[in-house]
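Chemist: need coordinates for the below:
(2 chains)
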Amino acid sequence: MSQLITDEIILDVIDKGLNLLGENPKQALWFCLEKDFRFDRQKVPENLEAFEETLKGFFGLGYNFLEAHFRQQLHKATGEDLQGYKTFADCIRGLRKKAENAKEQTVGPELRLEPCVDSNLLEV
Amino acid sequence: MSPKARILIIDDDLCIRENLAMALEVEGFCVDTAENGKEAIKKSFSNFYNLAIVDWRLPDIEGTTLLKEFKETMPKMVRIMLTGYPSMDNAISAVNNEASAFLVKPVDFDYLLGKIDELLKKQEQAKVFTEDLVVNYIETRSKEILKATPTARPL
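Modeler: Next up, the predicted model:
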C-alpha cells in the first residue's frame, strides 16, 4: 500500500540526495539557499518546483544527476516505482495523490450529511 | 590509512586473489574480487571502489585495456597494476594508461600496503580539493544568479 509522503520524508530524501555533492558543498548550498534565496528549509516540501528551478539555475544540466539521486533516495524510502514522472516534484505530487486514493479506497468516501427538508412542509 | 576504503582485486590466480583479499581485509579494507575483466567491469558498474589491483594478464582482456575501461567508469579510482612479466614496454604501457602504480610479482605485502596507503591519502586530498572547488562554484554561482535576478523569490 502507498504510504503517506510526509515533509520529513521529502526533506530526508533531499538531504541524502545532496550528499552527492559532498558534505561541505551541501552545507554551502543550503547556506546560499537560505541566505541569498530566502528558502526556509522546512518549507521546501511545499515549494518543490521553486526549489528545483533554483537548483537548475545553480547546476544547469548537472542538476539531472542530482535529480536522479533524489529519485533513487525516494525509491529507497518508499519502494514506489517512479518511472513516468517528469520531475522530482512530479514524483512527490504523484505519490501523494496515490496515497490519498489508496486511503480513500480503504476508508471509503466521506459521508456527507445533506439537510433533510420536506418540500411539502415548505409549501404549507 | 583509510580503514573503510573499498578495494577490488582482479586476478585469474585464485591463490593470489584470496590471499591478497584476506590480508587486506585483516588491515581493515573492504575487499571484493573478480577473476576476469568482464566480471570486474560488471562489478565496477554496480559498486564503488576506491582502488583496484589489476593483474597484467587476464584470461579475457589485457590489464591495460581494463585500466582504460576503469578510467571511463570510475575516473577517480586508484589503479595499481601487478605483473609477473616486468619489462620496459609493460611499464610504459601502464604509465600511458594512467596506472597509479606498477608493481612486480611476487609482491612484498608491506610495500603494497604502503603504496595503497599513500595513494588513498592522495585520493582523499583530491576529494577535499574537489569539494573546495564545488563550494567556490556554489558561492560564485549564487552571486551570479542574484545579480541577474536581484529579487530572489522569498518562500
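
Chemist: let me know the helix or strand that B:D132 is in.
Modeler: Taking DSSP states H and E as the criterion, B:D132 maps to helix B:109-148.

Chemist: that helix and chain A in contact?
Modeler: Yes: using CB under 8 Å from any CB of the partner chain, helix B:109-148 reaches chain A at B:127, B:130-132, B:134-135, B:138-139, B:141-143, B:145-146. Quick note: C-beta positions are derived from backbone N, CA and C, even for glycine.

Chemist: show the pLDDT at the residue nearest to B:I61 when sequence neighbours are not counted.
Modeler: Distance criterion CB to CB, 6 or more residues apart in numbering or on different chains; nearest residue to B:I61, sequence neighbours excluded, is B:G37 at 3.2 Å. Looking at B:G37, its pLDDT is 92.

Chemist: swap in B:V107?
Modeler: 86.

Chemist: show me the helices in chain A, by range?
Modeler: For chain A, the helices defined by DSSP state H occupy A:7-18, A:23-35, A:48-59, A:63-78, A:88-107, A:119-123.

Chemist: returning to what we had before: tell me who's in contact with the residue nearest to B:I61.
Modeler: With contact set as CB atoms under 8 Å, 6 or more residues apart in numbering or on different chains, B:G37 has these partners: B:I10, B:L58, B:D60, B:I61, B:T65, B:L66, B:E69.

Chemist: next: B:D12.
Modeler: Contacts of B:D12 were listed using CB under 8 Å, 6+ apart, and they are B:E35, B:N36, B:D55, B:R57, B:L58, B:P59.

Chemist: residues in contact with A:H69?
Modeler: A:H69 makes contact with A:K16, A:G17, A:L20, according to CB under 8 Å, 6+ apart.

Chemist: can you redo these as TSV with distance to chain B?
Modeler: Shown next, in TSV, are the contacts of A:H69 (distance: CB to the nearest CB, whole Å):
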residue	distance to chain B
A:K16	16
A:G17	15
A:L20	10
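
Chemist: ok, back up a step: would you list the helices of chain A in a markdown table and tack on mean pLDDT?
Modeler: Converted to a markdown table, these look like this (pLDDT from 0 to 100):
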| stretch | mean pLDDT |
| --- | --- |
| helix A:7-18 | 94 |
| helix A:23-35 | 94 |
| helix A:48-59 | 94 |
| helix A:63-78 | 93 |
| helix A:88-107 | 85 |
| helix A:119-123 | 55 |
